[in-house]
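S.K.: here is my input, please return the structure:
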Amino acid sequence: MRYIILLPMVILLSQSLAASKMYSYIDENGQKVYTQFQPRPGYVTEIIKPPPPPPSTAQESQDKLATEIASDKEQKSKQLEADKKARIEAENRRIMQKNCETARKNLKALNTKGRVKLVDQDGNPIDDAGRQAKLKQAREAIKNNCN
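M.R.: Have a look, this model is predicted:
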């Protein structure tokens, strides 16, 4: 019962506060002053109107909230997509760096002359033409993966 009586009083009080006047004037120090009390006579006073009240119907508030929620979801989705893209790009850079290092090691091994015996996947020795083809592959891999 108390709240039923208190509610109209709160509503009336909030409306009267919202409808109260705001004043602005320049004081003797040259500073602009904002107040809700009328200044003393002798100051040039400007009356400032308060901002309009927020939407009054529940449906308007719900619609605004639904719009904000949809906007937040869209922003979160875009952020997740950007994060995923950044992770993929970082992983691709790491793989390219690893491929670059491997290609440089292969090129170094292929350029080494001496006691190194080159064999293919089956263990058969590689002749000079095969070695030249491997050198070409290693150089292409360096060109493609090393920046």
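S.K.: what residues does stretch 36-56 touch?
M.R.: Applying CB atoms under 8 Å, 6 or more residues apart in numbering, the external contacts of stretch 36-56 come out as 18-27, 33-34, 61, 64. The way it works is simple: take the backbone N, C-alpha and C, and place the C-beta from them, glycine included.
S.K.: so the residue nearest the centre of the chain is in which element?
M.R.: Centroid-nearest residue in the chain: Gln79, 5.9 Å away (criterion: CA atoms, centre = their mean). Assigning secondary structure by DSSP states H and E places Gln79 in helix 58-111.
S.K.: and that helix, what does it pack against?
M.R.: helix 128-145 (3 or more CB pairs under 8 Å, 6 or more residues apart in numbering; DSSP states H and E).
S.K.: let me see the mean pLDDT of the helix it packs on.
M.R.: Across helix 128-145, pLDDT averages out at 87.
S.K.: residues of it that come out buried?
M.R.: Of all the residues in helix 128-145, those buried under the rule 16 or more other CB atoms under 10 Å are 134, 138, 141-142, 145.
S.K.: tabulate these (JSON lines), appending distance to Lys85.
M.R.: Formatted as JSON lines, the buried residues of helix 128-145 follow (distance: CB to CB, whole Å):
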{"residue": "Lys134", "distance to Lys85": "35"}
{"residue": "Ala138", "distance to Lys85": "31"}
{"residue": "Ala141", "distance to Lys85": "26"}
{"residue": "Ile142", "distance to Lys85": "27"}
{"residue": "Asn145", "distance to Lys85": "21"}
